[in-house]
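S.K.: quick one: sequence plus predicted model below, questions after.
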Amino acid sequence: MKEKTITVRTSEREQILVITEELQRALAALTAGDGICTVVVPHTTCAISVNENADPDVPSDIVKALRSMIPPVRFDHAEGNSDAHLLTTLIGTSLSWPYRKGRMVFGTWQGIYFIELDGPRSRKVTVYVQD
């Protein structure tokens, strides 16, 4: 298996960054072939997803909707970020995606979202391909 890791830096507690092109470059460094890659964020308070990559309002709308999903609750976790852990569990920390000729294949409007839920932080995102 081959892998390439990129670093993502967020500037807000809850923030979505479209990282499609960064991941396309990482994948191209690994392969020029066809297959399925796996993208993983090895953290417990951020997530990864695919959504619209055309309208710049979509990420902020999603952040607002995610925030509204978790009502004020007294969590027992002392760090004060249980809401982020819960949202990460709901969204997920990995995805598998097809690629052709070393580029991920997307629909017209799709892009990869890095979803920060407990920032600002520096995070890692790794692309894996099977030889």
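M.R.: Nice, I can see it.

S.K.: C-alpha only now, for contacts and for neighbours.
M.R.: OK.

S.K.: quick one: average pLDDT of stretch 13-25?
M.R.: Averaged across stretch 13-25, the pLDDT comes to 97.

S.K.: and what of stretch 30-40?
M.R.: 98.

S.K.: residue 29 - that's part of a strand, no?
M.R.: No. Applying DSSP: H, G, I helix; E, B strand; the rest coil, one finds residue 29 to be helix, outside a strand.

S.K.: residue contacts, it?
M.R.: Going by C-alpha atoms under 8 Å, 6 or more residues apart in numbering, residue 29 touches residue 4.

S.K.: name the residues that touch the longest helix anywhere in the chain?
M.R.: Longest helix in the chain, counting residues (DSSP state H): helix 57-69. Outside of helix 57-69, the residues within contact range by C-alpha under 8 Å, 6+ apart are 14, 15, 16, 17, 52, 87.

S.K.: what is the burial count for residue 44?
M.R.: 17 (other C-alpha atoms under 10 Å).

S.K.: doesn't residue 85 make contact with it?
M.R.: Yes. Under the criterion of C-alpha atoms under 8 Å, residue 44 makes contact with residue 85 at 5.9 Å.

S.K.: on that earlier part again, which helix or strand lies directly C-terminal to the longest helix of the chain?
M.R.: On the C-terminal side of helix 57-69, the closest following helix or strand by DSSP states H and E is helix 82-91.

S.K.: for beta bridges, what are the partners of the residue nearest to residue 15 when sequence neighbours are not counted?
M.R.: Nearest residue to residue 15 in three dimensions, chain neighbours excluded: residue 116, at 5.0 Å (C-alpha to C-alpha, 6 or more residues apart in numbering). Judged by DSSP bridges, the bridge partners of residue 116 are residue 15, residue 46.

S.K.: distance of residue 116 relative to residue 104?
M.R.: Per C-alpha to C-alpha, to the nearest Å, residue 116 is found 22 Å from residue 104.

S.K.: before we move on, what SS does the one residue sitting closest to the centre of the chain have?
M.R.: Among the residues of the chain, the one closest to the centroid is residue 48, at 2.3 Å (C-alpha atoms, centre = their mean). Classification of residue 48 using three-state DSSP returns strand.
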